[in-house]
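Chemist: sharing a sequence plus its predicted fold:
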Amino acid sequence: MPALWIAHVRVTDEEAYGRYAKLAGPAIAEHGGAFIARGGRYVQLEGPDRPRNVVARFPSVEAAEACYRSDAYQAALSHAQNAADRELVIVEISE
């Protein structure tokens, strides 16, 4: 079943996070991921406010997790480690 990769982010270092984003996109696409939302308008109803919200659709939970654990994505993530406060979850879509 398809899955969503949902990230809530507060960027603290725009330059470093830009390097992450440049590398993360191809790594996500390589695993069948496609962006549904990146940034844009949002309404924070509960929890910590993270002004950057990203949703990508993957063919499966396994594909999304494989992406996260891939060498390419981990290389991208190394640029985001000290450049943002992030929360990331993978959720299976019940269709």
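Modeler: Yep, that arrived. What you are looking at is a predicted structure, and each value in this text was computed from that prediction instead of being measured.
Chemist: give the buried residues for the helix or strand hosting Glu62.
Modeler: Element membership for Glu62, per DSSP states H and E: helix 61-69. The neighbour-count check on helix 61-69 (16 or more other C-beta atoms under 10 Å) flags 61, 63-64, 67-68 as buried. Any C-beta I mention is one placed from the backbone N, CA and C, and that applies to glycine too.
Chemist: does anything pack onto that helix? Which helices or strands?
Modeler: With contacts defined as 3 or more C-beta pairs under 8 Å, 6 or more residues apart in numbering; DSSP states H and E, the secondary structure elements packing on helix 61-69 are strand 3-11, helix 14-30, strand 52-58, strand 84-92.
Chemist: so which of these is nearest Ala76?
Modeler: Put simply, out of these the one that sits nearest Ala76 is helix 14-30, at 3.5 Å, with distance taken as C-beta to C-beta.
Chemist: using PDB, write out the CA atom coordinates for the helix or strand just after the closest one.
Modeler: The first helix or strand that comes after helix 14-30 along the chain, using DSSP H and E, is strand 34-38. What follows is the C-alpha trace of strand 34-38 in PDB, where atoms were taken according to Å, rounded to 0.1, in the frame of the first residue of the first chain:
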ATOM      1  CA  ALA A  34       7.000  12.200  -5.300                       C
ATOM      2  CA  PHE A  35       6.400  15.500  -3.400                       C
ATOM      3  CA  ILE A  36       2.700  16.400  -2.700                       C
ATOM      4  CA  ALA A  37       3.500  19.500  -0.600                       C
ATOM      5  CA  ARG A  38       6.700  21.400   0.100                       C
END
